[in-house]
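# the following comprises the amino acid sequence and a computationally predicted model.
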Amino acid sequence: MLSRRHPQLNRHGELVHLLGIEGLPRAVLTQILDTASTFLSVNERDVKKVPLLRGKSVFNLFFENSTRTRTTFEIAAKRLSADVLNLDIARSSTAKGESLLDTIANLSAMHADMFVVRHAESGAPFLIAQHCAPHVHVINAGDGRHAHPTQGLLDMYTIRHYKGGFSNLTVAIVGDIVHSRVARSDIHALTTLGAAEVRAVGPKTLVPADLREMGVRVCHDMAEGMRDADVIITLRLQNERMSGAMLPSAAEFAMNYGLTPEKLALAKPDAIVMHPGPINRGVEIDSRVADGTQSVILPQVTFGIAVRMAVMSIIAGNEA
Amino acid sequence: MLSRRHPQLNRHGELVHLLGIEGLPRAVLTQILDTASTFLSVNERDVKKVPLLRGKSVFNLFFENSTRTRTTFEIAAKRLSADVLNLDIARSSTAKGESLLDTIANLSAMHADMFVVRHAESGAPFLIAQHCAPHVHVINAGDGRHAHPTQGLLDMYTIRHYKGGFSNLTVAIVGDIVHSRVARSDIHALTTLGAAEVRAVGPKTLVPADLREMGVRVCHDMAEGMRDADVIITLRLQNERMSGAMLPSAAEFAMNYGLTPEKLALAKPDAIVMHPGPINRGVEIDSRVADGTQSVILPQVTFGIAVRMAVMSIIAGNEA
Amino acid sequence: MLSRRHPQLNRHGELVHLLGIEGLPRAVLTQILDTASTFLSVNERDVKKVPLLRGKSVFNLFFENSTRTRTTFEIAAKRLSADVLNLDIARSSTAKGESLLDTIANLSAMHADMFVVRHAESGAPFLIAQHCAPHVHVINAGDGRHAHPTQGLLDMYTIRHYKGGFSNLTVAIVGDIVHSRVARSDIHALTTLGAAEVRAVGPKTLVPADLREMGVRVCHDMAEGMRDADVIITLRLQNERMSGAMLPSAAEFAMNYGLTPEKLALAKPDAIVMHPGPINRGVEIDSRVADGTQSVILPQVTFGIAVRMAVMSIIAGNEA
């Protein structure tokens, strides 16, 4: 069994990288959420800083540009007192033809402590974790369609914060699930944490039937998807990732699956509405819902900083 | 009266945002200048750092690119021990179609403490200040043709430093006034601080007659504008903002309004020469003047850091 | 003699800028290497930080883009507790037509303490050092084909680390020497430190005969160049700097001068192999060599941080 050990965990079962939520034991997820709640208060203090990562060098390696996600990791690292290096990888020596692994070996030799990696290729952070020096920790900040584990974790934090737990919950994930690394991370996390029912809601082109193998209830009918849900996670319609063939039009998608107050009324009265951002107002979510009393979209952002601080401080404390 | 309260001031009349100089009471301007002089010595120390903003997160939101201005705010914030986040907004989710206010709400949710905003649209920082969370402070780092208040303040600091005060002074602002947010901020500041005479000097196309309503003496003749002036503020000829129709040529402008030693000789013998930079040598200012003994262009830059430190530390200490 | 004083040294012979290795006395080079070895341990500590440059402002002025080199200086400065400002010069006011010296005067007026300069023009850092304010120190991070002194110094550190000294060594520099500022810096350093023999190895188009005037043995035959060498410094084939006329093809170069295990076998059995990076695998160096037991390419990177910390801390402590 140990021979197929999970690459994110050391031989004591402690987290040393965060590459994906799939396969992580419930105890590790819970440890992250519990640690995050201690950091939430740090972020509300006047001096938003703790010295846990003082003198550590955190490298943001964004092979795919994402100012917002990069910013959340940069804030988290700085509030832990780390030194943060932002590498504009697209313009650097990778462009000169250097291989990914040579770039990583080089940065490791600078005594990097942590790589936060965003990459258009699924599996790139995994490859880096396999090959980097033992003193380096890797966090996946989104890889292709594969995973976005810190987003998944902050979603779990948000749900636990508002609902107290997972065991009796029905969670509906709505929209472009096939292209969404967020959806994939959420599904793994919800399953591990014991949510009663996870639904994937959307048109056949965006919600593949094989999601059922992950224990998910597939709903192509929005009313069925919403009915009595406790939590609704709307997803960004990734226009930039879709070819026209998969979807007739954004307007048609909005009409059938865009979350309006009317559709939301089918869910439980105290249902919460989430979204990973940035939102397309009037497409996957109506402004009355996004700005309404059931929306917890902005608290998700706040919790996201605390969750990233938690992940960073936990993995920095564990040896490979 | 309170119902039309100035958006930059809280109910105690304290500065909580810096959006423009228009409407700010003289006491607030003087407080900033006095505070800046205490920071001037910090910048000359061996360890150029004070802990006033330790643990605060300052976001540079430059919707319009300006490396130099961004750098001055970044230095000021770091010397106050803040964590600084530079957001390359042009390449971020705004590009993905997110609205300005959604971006701001999102960043506020990360427990930002301060936004330094540069925007091509006049009024954008005002809009942000109106809508951001109450714990966030906004500084306008230049918006369209509207205002550039920290430049205006550093100009006032420079004048006070060399002239001791404002009450007996004749200040000539020369050049492209119609496109200049600096000129607008300077005029408001000089008026509030009680300068004896403010002149706007330049061709009719660049110096609109309605400036007279602001209490300014409009001079289309350079000799008239220079005569017995104590302070001459030359402005950058904003080639990149002008259509050809407004100006025959840079050479013709230089001949008529470019500040040469000969034209400067018409001013008081101890007149000082200022410029917000970057200078166009040989266009609005002759190198013999820019590098001459009456030039205080480089001290302006030095004072600018201290003034920005003053603004940041003052607004961070006041509650909305 | 003092009238032609070296621009990098003050009147006590202490280093105040690092512009090039040419002309630096052996004692200064040795001081840098000795200081670097004390910083090597800092980089291996849990808290990789010393307060030597606390409150100092280090400006990275990269007129030529180089993410990797910029990163090494940024890490070095942050581990010395400096505040680091990265200026994207290509997009800044230089683009608005401001002169190099005006930009420098402006940044000096912000109380900069150090400029790290990369420029496509040979001599640009020298020009800056000549004109900047006396409190500012300049480090050349690569200028045209002229010099790359910190790379030269880290190469010396690496050689001394593995070979104990220089006096009995034969050092072969292989490849595109004519375009290489690294080669030039290495040759000056090796000569000053007393290496027994320095060889320049490569085709006639890339290894000019006038190198002999620098005391270098020119070898157009690879076997002759490798024979009994103690140290082999391979150089990146600068495809982006060459016109097609100078070189038949990368494949032909690789066949004749690419470092394979077979060619390496001609050198001493304990010879070390170096490369400034990023490497072109299969061109100037075979993967079996780059990843082999004689390769010290990654230790070079590690030593590079310590050497840059040494240079920064030494020059910051000396007055012009």
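Okay, I see it.
# where exactly do the helices run in the stretch 1-150 of chain A?
Applying DSSP state H, counting those that start in this stretch to the stretch 1-150 of chain A gives helices spanning A:26-44, A:67-79, A:100-109, A:124-131, A:149-163.
# could I get the buried residue list for the shortest one?
Using 16 or more other C-beta atoms under 10 Å in any protein chain shown as the test for burial, helix A:124-131 gives A:124-129. Using the backbone N, CA and C atoms, a C-beta is placed for each residue, glycine as well.
# out of the residues you listed, which touch chain C?
Taking C-beta under 8 Å from any C-beta of the partner chain as the test, chain C is in contact with none of those.
# does A:Leu153 really touch A:Met309, like I thought?
No. Between A:Leu153 and A:Met309 there is no contact under C-beta atoms under 8 Å: 11.5 Å.
# intersection of neighbour lists for the two?
A:Ala36 (C-beta atoms under 8 Å, 6 or more residues apart in numbering or on different chains).
# write out the residues of the stretch 201-320 of chain A neighbouring chain B.
Contacts of the stretch 201-320 of chain A with chain B, taken as C-beta under 8 Å from any C-beta, map to A:240, A:277-281, A:298-299, A:301-302, A:304-305.
# tell me the one among these nearest to chain C.
A:Ile305 (21.6 Å; C-beta to the nearest C-beta).
# packing partners of the helix or strand hosting that closest one?
Taking DSSP states H and E as the definition, A:Ile305 sits inside helix A:297-316. For helix A:297-316, the packing partners by 3 or more C-beta pairs under 8 Å, 6 or more residues apart in numbering or on different chains; DSSP states H and E come out as helix A:26-44, helix A:67-79, strand A:114-119, strand A:137-143, helix A:149-163, strand A:272-274, helix B:100-109.
# mind exporting that helix as PDB, just the C-alpha atoms?
Extracted in PDB, the C-alpha atoms of helix A:297-316 (Å, rounded to 0.1, in the frame of the first residue of the first chain):
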ATOM      1  CA  ILE A 297     -19.700  35.200  -2.900                       C
ATOM      2  CA  LEU A 298     -17.700  37.900  -1.100                       C
ATOM      3  CA  PRO A 299     -17.300  35.900   2.100                       C
ATOM      4  CA  GLN A 300     -15.800  33.100  -0.100                       C
ATOM      5  CA  VAL A 301     -13.100  35.500  -1.100                       C
ATOM      6  CA  THR A 302     -12.400  36.400   2.500                       C
ATOM      7  CA  PHE A 303     -12.200  32.800   3.600                       C
ATOM      8  CA  GLY A 304     -10.000  32.100   0.600                       C
ATOM      9  CA  ILE A 305      -7.100  34.100   2.100                       C
ATOM     10  CA  ALA A 306      -7.400  32.300   5.400                       C
ATOM     11  CA  VAL A 307      -7.600  28.900   3.700                       C
ATOM     12  CA  ARG A 308      -4.400  29.700   1.600                       C
ATOM     13  CA  MET A 309      -2.600  30.800   4.700                       C
ATOM     14  CA  ALA A 310      -3.600  27.500   6.300                       C
ATOM     15  CA  VAL A 311      -2.400  25.400   3.500                       C
ATOM     16  CA  MET A 312       0.900  27.300   3.300                       C
ATOM     17  CA  SER A 313       1.600  27.100   7.000                       C
ATOM     18  CA  ILE A 314       0.700  23.400   7.200                       C
ATOM     19  CA  ILE A 315       2.800  22.200   4.400                       C
ATOM     20  CA  ALA A 316       5.700  24.400   5.300                       C
END
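# quick check: the spatially most central residue of chain A vs A:Gly55, distance?
With distances taken as C-alpha atoms, centre = their mean, chain A has A:Gln151 as the residue nearest its mean C-alpha position (1.9 Å). A:Gln151 is 28 Å from A:Gly55, where distance means C-beta to C-beta, to the nearest Å.
# now do A:Leu169
Separation of A:Leu169 from A:Gly55 (C-beta to C-beta) stands at 41 Å.
# so who does whichever residue of the stretch 101-250 of chain A sits closest to chain C touch?
Going by C-beta to the nearest C-beta, chain C is nearest to A:Ala109 of the stretch 101-250 of chain A, at 3.8 Å. Residues near A:Ala109 by C-beta under 8 Å, 6+ apart: A:133, C:298-299, C:301-302.
# can you give me the pLDDT of it?
We have a pLDDT of 95 for A:Ala109.
# of all the helices of the stretch 1-150 of chain A, which one is nearest C:Phe39?
Nearest of the helices of the stretch 1-150 of chain A to C:Phe39, taken as C-beta to C-beta: helix A:100-109 at 14.9 Å.
# between the closest one and helix A:124-131, how big is the angle?
Orientation note: helix A:100-109 sits at an angle of 60 degrees relative to helix A:124-131 (axes from the mean of the first three to the mean of the last three C-alpha atoms, to 10 degrees).
# from the chain's centroid, how far away is helix A:100-109?
Helix A:100-109 has its average C-alpha position 25 Å from the chain's average C-alpha position, going by C-alpha atoms, centre = their mean, to the nearest Å.
# what's the answer for stretch A:19-26, then?
Mean-position distance between stretch A:19-26 and its chain equals 12 Å (C-alpha atoms, centre = their mean).
# start to end distance for it?
Stretch A:19-26 has an end-to-end distance of 16 Å (C-alpha to C-alpha, to the nearest Å).
# stretch A:11-25 too?
End-to-end span of stretch A:11-25 (C-alpha to C-alpha): 14 Å.
# which residues does that stretch contact?
For stretch A:11-25, contacts defined as C-beta under 8 Å, 6+ apart pick out A:2, A:5-10, A:28-29, A:31-32, A:125-126, A:129, A:137-140, A:146-147, A:149-150, A:152-153, A:184-185, A:188-189, A:192, A:311, A:314-315, A:318-320.
# got a quick ChimeraX command for the buried subset of the residues you listed?
Restricted to buried positions by 16+ other C-beta under 10 Å, the ChimeraX selection for the contacts of stretch A:11-25 reads:
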select /A:6,8,9,28,29,32,125,126,129,137,138,139,140,146,147,149,150,152,153,184,185,188,189,192,311,314,315,320
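# low-confidence regions, the stretch 1-150 of chain A specifically.
A:1-6, A:90-97 (pLDDT under 70).
# tell me which parts of it are close to chain C?
Counting by C-beta under 8 Å from any C-beta, the stretch 1-150 of chain A comes close to chain C at A:54-57, A:83, A:85, A:87-89, A:91-93, A:96-99, A:102-103, A:105-111.
# please pick the buried ones from those.
Using 16+ other C-beta under 10 Å as the burial test, the residues of the stretch 1-150 of chain A next to chain C include A:55-57, A:83, A:85, A:87-89, A:92-93, A:96, A:98, A:102-103, A:105-111 as buried.
# look up phi and psi at A:Ile285.
Backbone torsions for A:Ile285, taken as degrees, to the nearest 10, come to phi -150, psi 140.
# can you pull the contacts of it?
Counting by C-beta under 8 Å, 6+ apart, A:Ile285 touches A:234, A:258-259, A:273, A:275, A:279.
# burial measure for the closest residue to chain B within the stretch 51-200 of chain A, as a count.
Relative to chain B, the nearest point of the stretch 51-200 of chain A is A:Thr67 (3.3 Å; C-beta to the nearest C-beta). For A:Thr67, the tally of surrounding residues (other C-beta atoms under 10 Å in any protein chain shown) stands at 21.
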